[in-house]
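have a look at this prediction, sequence included:
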Amino acid sequence: MENIISIFVKSIFIDNMIFAFFLGMCSYLAVSKTVKTAVGLGVAVIFVLVVTLPLNYLLNKYLLTSGALAWISPSLAEMDLSFLSFIVFIAVIASITQLVEMVVEKFAPALYNSLGIFLPLIAVNCAILGGSLFMQERCYANIGEVTAFAVGSGIGWLLAIAGIAAIREKLRYSNVPAPLRGLGISFIITGLMGIAFMSFMGIKL
């Protein structure tokens, strides 16, 4: 239980997808103009991570890794399908993203229109694929740890995009120098937020 809590907290603050690895920066910068759309996309990212990471973990453990097919037949014990990881992970992510897109379009058309192309682009959001690849690299012991990592990573991404969106809303009423307006000041603020999140690296978990 302590290990799960540690993974959860680390994935939010210490191993934050945006500020530690700069994953998902395209949608982070493009959809962070208002808090409402930023939170909507952040919730969608959390949902996709929570569904895809445990599913990809099971596929990786029982299908892709070397010896994973031994449960089917001893003759398949030596088979290694890990070279298919990218294709399988992306296929799962794309399927779940399509499901999310249909649900949002059905029940929240205003949010669907405000997110625009960036909602289906969750399928190629490097934060989502990065989560699956980190899961594979770190060899989590069970699905509970993977789920904790998924939820924590999603919340960390949501905090990042909601934070920058709130700041950008306030900047509309600020006297920002003309050359820095728009993405210029957003990059500077993102760097400062990343430095702020680095303070959590001193926490021992």
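Now that the structure is in, tell me what you want to look at.

so for the closest residue in space to residue 180 that isn't next to it in sequence, what's the pLDDT?
Nearest non-adjacent residue to residue 180, counting by CB to CB, 6 or more residues apart in numbering: residue 188, 7.1 Å away. (C-beta placed from N, C-alpha, C; glycine too.) For residue 188, the pLDDT comes out at 92.

can you check the one 4 residues further on too?
According to the prediction, residue 192 has pLDDT 92.

same deal with residue 204?
69.

with residue 5 instead?
Looking at residue 5, its pLDDT is 91.

so who does it touch?
Contacts for residue 5 (CB atoms under 8 Å, 6 or more residues apart in numbering) come out as residue 148.

check which helix or strand covers it.
If you go by DSSP states H and E, residue 5 is part of helix 2-9.

and that helix, C-alpha only, in CSV?
Output in CSV follows, covering the C-alpha atoms of helix 2-9 (Å, rounded to 0.1, in the frame of the first residue of the first chain):
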residue,chain,number,x,y,z
GLU,A,2,2.8,2.4,0.9
ASN,A,3,4.5,1.7,-2.5
ILE,A,4,1.2,2.5,-4.3
ILE,A,5,0.9,5.8,-2.5
SER,A,6,4.5,6.6,-3.3
ILE,A,7,4.1,5.9,-7.0
PHE,A,8,0.9,8.0,-7.0
VAL,A,9,2.5,11.0,-5.3
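
next SSE downstream of it?
As assigned by DSSP H and E, the chain's next helix or strand after helix 2-9 is helix 25-30.

what does that next one contact?
Here helix 25-30 makes contact (CB under 8 Å, 6+ apart) with 18, 41, 118, 121-122, 125, 157, 160-161, 164, 183, 186, 190.

so how do I select the buried members of those in ChimeraX?
What follows is the ChimeraX syntax for the buried subset of these, where burial is set by 16 or more other CB atoms under 10 Å:
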select :18,41,118,121,122,125,157,160,161,164,186,190
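
in this structure residue 197 contacts residue 17, no?
No - with contact defined as CB atoms under 8 Å, residue 197 does not reach residue 17; the gap is 11.0 Å.

these two: who's more crowded?
Neighbour tally, residue 197 and residue 17, criterion other CB atoms under 10 Å: the higher count belongs to residue 17, 28 against 21.

which residue, other than its chain neighbours, is closest to residue 53?
Spatially, and ignoring its direct neighbours in sequence, residue 53 is nearest to residue 150 (3.9 Å; CB to CB, 6+ apart).

and residue 6, how far from residue 60?
The gap separating residue 6 from residue 60 is 22 Å, by CB to CB, to the nearest Å.
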